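J.: Okay, here's the prediction I keep looking at, along with the sequence it came from:
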Amino acid sequence: MSERYARLSSLPENLYSVGSPVIIAAGALLKDNQTGKVLAQLKIRNIQNKTIKAATVTITPLDTVNQPLGSPVDHQYLDLNAARNMDFGQKVPISLPDAATRAFSATVTQVIFSDNSIWTSSGAPWEPLSAPVPLLNAFLDSELIKQYQIKFGSDCKFAFKAEQDLWYCSCGALNHRSEESCHNCRRTFASLSDLDLEQLKADRDERLQRESAEKAVAEAKAKKTRKLAMILVPAAIVVIVAGSLIFGSIKNSSAYNNAAGLLASGDYDGAAAAFEALGDYKDSADQAKQAMYDKAMALMSYGESGSDEGLPLIVPEGEAISSDANLSKLYYQEAIEIFESLDTYKDSRKMADSAQYYLDQSVKSGAYNNVLEQLENGQYIEDYIDAFWTLMDIGDYEDSQGLASLAVSKIFECIKEDFGIGDDDRWKATYDAENQLVTVAYNMSPGSALTPEEFLSSVDANSRAGIEASIQDTWYVFDDVFMDYLGVPCQVCYYLDWDNGEPVFTYAG
């Protein structure tokens, strides 16, 4: 099946306007290859603590040389429940009026929160934020990175960075300057921003010297212990006991660092198991929870992309998965289980709700794509009936109503074959989703120069009665068929010419 949508252009990632409660994380301009329409899609992310229930955006269509094309288009996202770090809008296509649009700009003009407070744009420009800088790129020294993580925490992966009225925490989370502590890990702006790099280097050098000296002392003690063991067995026993205690401490420290390394490398299950094995050593219990939280967040990311790169997180090594499996659904299901098991850890409860929302959207998306396949490649009436019922189940999702009408027309083509009128293109059927009504239309004389009024005045009472009786008989047949197949009533309309004017007769039972 050929691709229905072609990408025409994209917005820079993570557009932000000073003071805004959201960023425009991504945006794309698409062309519908079936209808020729041009659509814009935005992914908007909540970057503050209040839940968003509605938002308004303004899209400016641009031509091939980025000049404005017609008037800007306003669009409102309603019935949202977007908590912090949740995205919305990415599943909602916004139709643009001019098919010549080849680029666009976008701004968020208003945001309404669940407490009914309102943010309105000040008109500040929307400009891309720079990406957070990994520690490896910032320091180019593994021992300096280790020293940074000793100072601030083993889960630090990025360098602190302030930008406009925002700041990136070392955990990677984006915060507003008005927030003194990171909303994700609670590290403070003051401690991160006051980093003395020269002092950090000095601490690194001191630690390396200390570790080298400790290693030398340990080696000397081991040599002396071996010598004393040959002379005094009781003394050796004492040394062995003391050494066991020291070894236990070193072993725990080594195991903790190994677990941190597993977490940094993305081996979330291995890291969680390693931290749990350490019991109450340092903050191992919390780190075990953090490992599973990070896994769930990674699954959320894979759920959005549907990439098979996340399969190792959910499929045991050596096992296979069906090639037509809905990967996003599997990722979100696993994420929900993890967030629910973490319960009150950080914002796991909110994230479980978010994952459930995106799971529902993913299921609808998978069903919608199956319907597209059925409608394009179906051969039997059962294919189209199944497609219609699927569209009823997923409700108001993307162009479900338009596809429901297409399914009805496909079903009607099959019915026409059964009634022996398959070659007669004067018949057609459409579906009104709002009123749940099928309309079967018959074109009596295509291209007629008469108006319906002129036609009615040209026929006598007997002829008119005969036509109306025929319409009533037709309605009985088609109403029974559509009620049986779809549970939807039918009306029959006869047109003089359905491309020009109103129906001459309508019968709806």
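T.: Ah, there it is.
J.: can you pull out the helices in the stretch 401-509 of the chain?
T.: Applying DSSP state H, counting those that start in this stretch to the stretch 401-509 of the chain gives helices spanning 452-458, 461-486.
J.: would you turn those helices into CSV with mean neighbour count?
T.: Placement of C-beta: from N, CA and C, glycine included. As requested, those are exported to CSV (neighbours: other Cβ atoms under 10 Å):
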stretch, mean neighbour count
helix 452-458, 13
helix 461-486, 15
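J.: Out of these, flag the one nearest Ser142.
T.: helix 461-486 (65.3 Å; Cβ to Cβ).
J.: now for that closest one, which elements pack on it?
T.: Applying 3 or more Cβ pairs under 8 Å, 6 or more residues apart in numbering; DSSP states H and E, one finds that helix 461-486 contacts helix 381-394, helix 400-418, strand 437-443, strand 490-495, strand 505-507.
J.: Go again with 10 Å.
T.: helix 381-394, helix 400-418, strand 427-432, strand 437-443, helix 452-458, strand 490-495, strand 505-507 (3 or more Cβ pairs under 10 Å, 6 or more residues apart in numbering; DSSP states H and E).
J.: as a whole number, average confidence for that helix?
T.: On average, the pLDDT along helix 461-486 is 87.
J.: What of stretch 52-72?
T.: Rounded mean pLDDT across stretch 52-72 is 94.
J.: Wait, a strand at Leu42?
T.: Yes. Applying DSSP: H, G, I helix; E, B strand; the rest coil, one finds Leu42 inside a strand.
J.: Please tell me how far it sits from Glu334.
T.: Distance of Leu42 to Glu334, given as Cβ to Cβ, to the nearest Å: 28 Å.
J.: what's the answer for Leu39, then?
T.: Distance from Leu39 to Glu334, by Cβ to Cβ: 32 Å.
J.: now the helices and strands packed on helix 461-486 in CSV, with distance to Leu327?
T.: CSV is the format used below for the helices and strands packed on helix 461-486 (distance: least, Cβ to Cβ, whole Å):
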stretch, distance to Leu327
helix 381-394, 19
helix 400-418, 22
strand 427-432, 32
strand 437-443, 36
helix 452-458, 54
strand 490-495, 40
strand 505-507, 48
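J.: just these: most buried one?
T.: Of these, the one with the most neighbours on average (mean count of other Cβ atoms under 10 Å) is strand 490-495, at a mean of 23.
J.: chain center to that one: distance?
T.: Mean-position distance between strand 490-495 and its chain equals 43 Å (Cα atoms, centre = their mean, to the nearest Å).
J.: so where is this protein shaky, pLDDT-wise?
T.: Low-confidence segments of the chain (pLDDT under 70): 1-2, 225-249.
J.: can you map out the helices along it?
T.: 135-139, 142-152, 189-193, 197-229, 233-265, 268-277, 284-305, 327-342, 348-377, 381-394, 400-418, 452-458, 461-486 (DSSP state H).
J.: Can you lay out the helices of the stretch 401-509 of the chain as CSV showing distance to Pro125?
T.: Output for these, formatted as CSV (distance: least, Cβ to Cβ, whole Å):
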stretch, distance to Pro125
helix 452-458, 56
helix 461-486, 51
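J.: which one of those helices lies closest to Met292?
T.: helix 461-486 (46.0 Å).
J.: Which one of Leu42 and Glu334 is surrounded by more residues?
T.: Using other Cβ atoms under 10 Å as the criterion, Leu42 and Glu334 rank with Leu42 on top: 26 against 20.
J.: ok, so what distance separates that one from Thr51?
T.: 19 Å.
J.: Give the full set of residues in contact with the nearest residue to Gly422 once chain neighbours are set aside.
T.: Among residues not flanking Gly422 along the chain, Lys416 sits closest, at 4.7 Å (Cβ to Cβ, 6 or more residues apart in numbering). The neighbours of Lys416, taking Cβ atoms under 10 Å, 6 or more residues apart in numbering as the test, are 422-425, 427-429, 440.
J.: possible to save those as a markdown table with distance to Ile59?
T.: Shown next, in a markdown table, are the contacts of Lys416 (distance: Cβ to Cβ, whole Å):
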| residue | distance to Ile59 |
| --- | --- |
| Gly422 | 44 |
| Asp423 | 45 |
| Asp424 | 44 |
| Asp425 | 39 |
| Trp427 | 40 |
| Lys428 | 35 |
| Ala429 | 35 |
| Val440 | 39 |
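J.: Just give me the closest of those to Leu359.
T.: Nearest to Leu359 among these, with distances taken as Cβ to Cβ, is Ala429, at 35.0 Å.
J.: Confirm for me that the closest one is in contact with Phe482.
T.: Yes. The pair Ala429 and Phe482 passes the contact test of Cβ atoms under 10 Å, sitting 8.3 Å apart.
J.: between these two, what contacts are shared?
T.: In contact with both Ala429 and Phe482: 408, 411-412, 415, 438, 440, 490, using Cβ under 10 Å, 6+ apart.
J.: on that earlier part again, identify whichever of the helices of the stretch 401-509 of the chain lies nearest to Gly270.
T.: Smallest distance to Gly270 across these (Cβ to Cβ): 52.4 Å, for helix 461-486.
J.: Closest one of the shared contacts of Ala429 and Phe482 to Leu456?
T.: Val440 (20.7 Å).
J.: Wait, that closest one touches Asp479, no?
T.: Yes. The pair Val440 and Asp479 passes the contact test of Cβ under 10 Å, sitting 9.1 Å apart.
J.: what do the two both touch?
T.: Joint contacts of Val440 and Asp479 (Cβ under 10 Å, 6+ apart) are 490-492, 507.
J.: Work out which residue lies at the spatial centre of this structure.
T.: Glu304 (3.8 Å; Cα atoms, centre = their mean).
J.: which residues touch that residue?
T.: 43, 87, 90, 328, 331-332, 358, 362.
J.: that older thread, go through the helices of the chain and name the closest to Glu434.
T.: helix 400-418 (7.8 Å).
J.: mind exporting the closest one as PDB, just the C-alpha atoms?
T.: Output in PDB follows, covering the C-alpha atoms of helix 400-418 (Å, rounded to 0.1, in the frame of the first residue of the first chain):
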ATOM      1  CA  SER A 400     -13.000   8.000  11.200                       C
ATOM      2  CA  GLN A 401     -16.300   9.600  10.000                       C
ATOM      3  CA  GLY A 402     -15.100  10.100   6.500                       C
ATOM      4  CA  LEU A 403     -13.800   6.500   6.400                       C
ATOM      5  CA  ALA A 404     -17.100   5.200   7.800                       C
ATOM      6  CA  SER A 405     -18.900   6.800   4.800                       C
ATOM      7  CA  LEU A 406     -16.300   5.200   2.500                       C
ATOM      8  CA  ALA A 407     -17.000   1.800   4.100                       C
ATOM      9  CA  VAL A 408     -20.700   2.300   3.600                       C
ATOM     10  CA  SER A 409     -20.100   3.100  -0.100                       C
ATOM     11  CA  LYS A 410     -18.000   0.000  -0.500                       C
ATOM     12  CA  ILE A 411     -20.700  -2.100   1.200                       C
ATOM     13  CA  PHE A 412     -23.300  -0.600  -1.100                       C
ATOM     14  CA  GLU A 413     -21.200  -1.500  -4.200                       C
ATOM     15  CA  CYS A 414     -21.300  -5.100  -3.000                       C
ATOM     16  CA  ILE A 415     -25.100  -4.800  -2.500                       C
ATOM     17  CA  LYS A 416     -25.500  -3.400  -6.000                       C
ATOM     18  CA  GLU A 417     -23.800  -6.500  -7.400                       C
ATOM     19  CA  ASP A 418     -26.300  -8.700  -5.400                       C
END
